[in-house]
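Novice: Quick one, what's the 3D model for this:
(2 chains)
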Amino acid sequence: MTFVSSTKDTENLTMTLVTEFAADRERVWQVWEDPRQLERWWGPPTWPATFATHNFAPGGRCHYFMTGPDGTEAHGWWEITAVDAPHRLQIEDGFANEDGSPVDPLDTTTMVMTLEDTPTGTRMTTVSRFRSADQLERMLGMGMEEGMKEASGQIDALLAALAA
Amino acid sequence: MVVDQKPREFTDEEIDRIFGALADATRRDILRQSMLGEQSVSGLARSYTMSFAAVQKHVAVLERALLVTKERRGREQIVHSNPAAIRRAARLLDAYEELWRDRIARIGDILSEATPPPQNQQHQPRKDRDIAP
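Specialist: Numbering: from 1, shown residues only, chains lettered A, B, ... in the order given. Now for the predicted structure:
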């Protein structure tokens, strides 16, 4: 596994991450398509994910929850807005109530995952787009048990980018 | 929940204003100029085709988002940048990248353990393959 690149767009609140795996596309697709494999990586190690429903078809809904060390559950829902196996997947990801219903159907993060062949395996590109910083922060609250990590040196890069 | 454990410098509402302010190209340009050195609102207005009032409104949005501060100096309004707010926006995306790097490392683990079994005769034949023609 190799990280190829990560691109963050502070103005438009998007993050693009490119990774290569030494596995074929069909195999990489399975880690998204098979809920039992998905559960092993979607939640952080101390907040494991359970997919209560997983309807992996266009328009399909999924309901998942992550369980924290103290038993607290954080619920989320997906709507699979595009599936083209084993090439491309588009998902709307939002916060859910305990029954899996959306807290706010419009409060979603858009995620696009694409797979391409490489000479040694598969390149996976994920693009995440947030609607607001508040949403991003709440998403991180669900996903990062240790809280925010202080990034150092980022300001210089950002200032350089803005000044360019 | 977990979200409460992390250090805060800005409220959610403030962060929304930061991203809202940065979503406009003119405001990004005003911010860029103010980062290079203090600017007067009238000086900024001269570098855009829009009216002084329009530039002033953009500066006000940046000011509400805490990205710049404004100071009155005689007849001039001077704009200073506030890099701390920009740093905060960048940090949120950095934290999100960390989350994904962690996920991808685990995807890598799953893929590496699942070396595809050679045509294993103990397995039940699947209907989409391993079936004699």
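Novice: The nearest residue to A:T118 once chain neighbours are set aside: what secondary structure?
Specialist: Leaving out its chain neighbours, the residue that sits closest to A:T118 by C-beta to C-beta, 6 or more residues apart in numbering or on different chains is A:E20, at 5.8 Å. Backbone N, C-alpha and C define where each C-beta goes, glycine included. Following DSSP: H, G, I helix; E, B strand; the rest coil, the label given to A:E20 is strand.
Novice: Counting neighbours, what do you get for A:E20?
Specialist: Neighbours of A:E20 under the rule other C-beta atoms under 10 Å in any protein chain shown: 18.
Novice: which residues touch it?
Specialist: A:M1, A:T2, A:V4, A:T118, A:T120, A:G121, A:T122, A:R123, A:M124 (C-beta atoms under 8 Å, 6 or more residues apart in numbering or on different chains).
Novice: For it, give the beta-bridge partners.
Specialist: Note on A:E20: beta-bridge partners by DSSP bridges are A:T2, A:R123.
Novice: Let's see the strand or helix carrying A:M139 as PDB, backbone CA atoms only.
Specialist: A:M139 is part of helix A:133-143 when elements are defined by DSSP states H and E. Presented in PDB, the C-alpha positions along helix A:133-143 are these (Å, rounded to 0.1, in the frame of the first residue of the first chain):
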ATOM      1  CA  ALA A 133     -16.900  23.600   8.600                       C
ATOM      2  CA  ASP A 134     -19.300  22.800  11.400                       C
ATOM      3  CA  GLN A 135     -20.300  19.600   9.600                       C
ATOM      4  CA  LEU A 136     -16.600  18.600   9.100                       C
ATOM      5  CA  GLU A 137     -16.000  19.200  12.800                       C
ATOM      6  CA  ARG A 138     -18.900  17.000  13.800                       C
ATOM      7  CA  MET A 139     -17.800  14.300  11.400                       C
ATOM      8  CA  LEU A 140     -14.400  14.400  13.000                       C
ATOM      9  CA  GLY A 141     -16.100  14.200  16.400                       C
ATOM     10  CA  MET A 142     -17.600  10.900  15.200                       C
ATOM     11  CA  GLY A 143     -14.400   9.600  13.800                       C
END
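Novice: Who's the closest spatial neighbour of B:D102, skipping the chain neighbours?
Specialist: Nearest non-adjacent residue to B:D102 (C-beta to C-beta, 6+ apart): A:P44, at 6.6 Å.
Novice: okay, now the one you found: neighbour count?
Specialist: For A:P44, using other C-beta under 10 Å, the count is 20.
Novice: ok, now A:L38?
Specialist: Other residues near A:L38 come to 21 when the count uses other C-beta under 10 Å.
Novice: my read: it touches A:W32, true?
Specialist: Yes - with contact defined as C-beta atoms under 8 Å, A:L38 counts as touching A:W32 (6.1 Å).
Novice: Whether the worst-scoring helix or strand of chain B on mean pLDDT contacts chain A - can you check?
Specialist: Lowest by mean pLDDT, DSSP states H and E among the helices and strands of chain B is helix B:12-22, with a mean of 76. Yes - judged by C-beta under 8 Å from any C-beta of the partner chain, helix B:12-22 comes into contact with chain A at B:D12, B:E13, B:I15, B:D16, B:I18, B:F19, B:G20, B:L22.
Novice: how much does that helix deviate in direction from helix A:133-143?
Specialist: 130 degrees (axes from the mean of the first three to the mean of the last three C-alpha atoms, to 10 degrees).
Novice: all helices of chain A, in order?
Specialist: A:25-33, A:35-38, A:133-143, A:154-163 (DSSP state H).
Novice: now the strands: where do they sit in chain B?
Specialist: B:39-40, B:68-73, B:76-81 (DSSP state E).
Novice: residue ranges with poor pLDDT in chain B?
Specialist: Counting by pLDDT under 70, chain B contains low-confidence ranges at B:1-12, B:85-86, B:88-89, B:114-133.
Novice: Just put the strands of chain B in a markdown table and tack on mean neighbour count.
Specialist: Formatted as a markdown table, the strands of chain B follow (neighbours: other C-beta atoms under 10 Å in any protein chain shown):
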| stretch | mean neighbour count |
| --- | --- |
| strand B:39-40 | 18 |
| strand B:68-73 | 14 |
| strand B:76-81 | 18 |
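Novice: Could I get those strands in TSV, plus columns for distance to A:C62?
Specialist: Below are the strands of chain B laid out as TSV (distance: least, C-beta to C-beta, whole Å):
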stretch	distance to A:C62
strand B:39-40	49
strand B:68-73	43
strand B:76-81	43
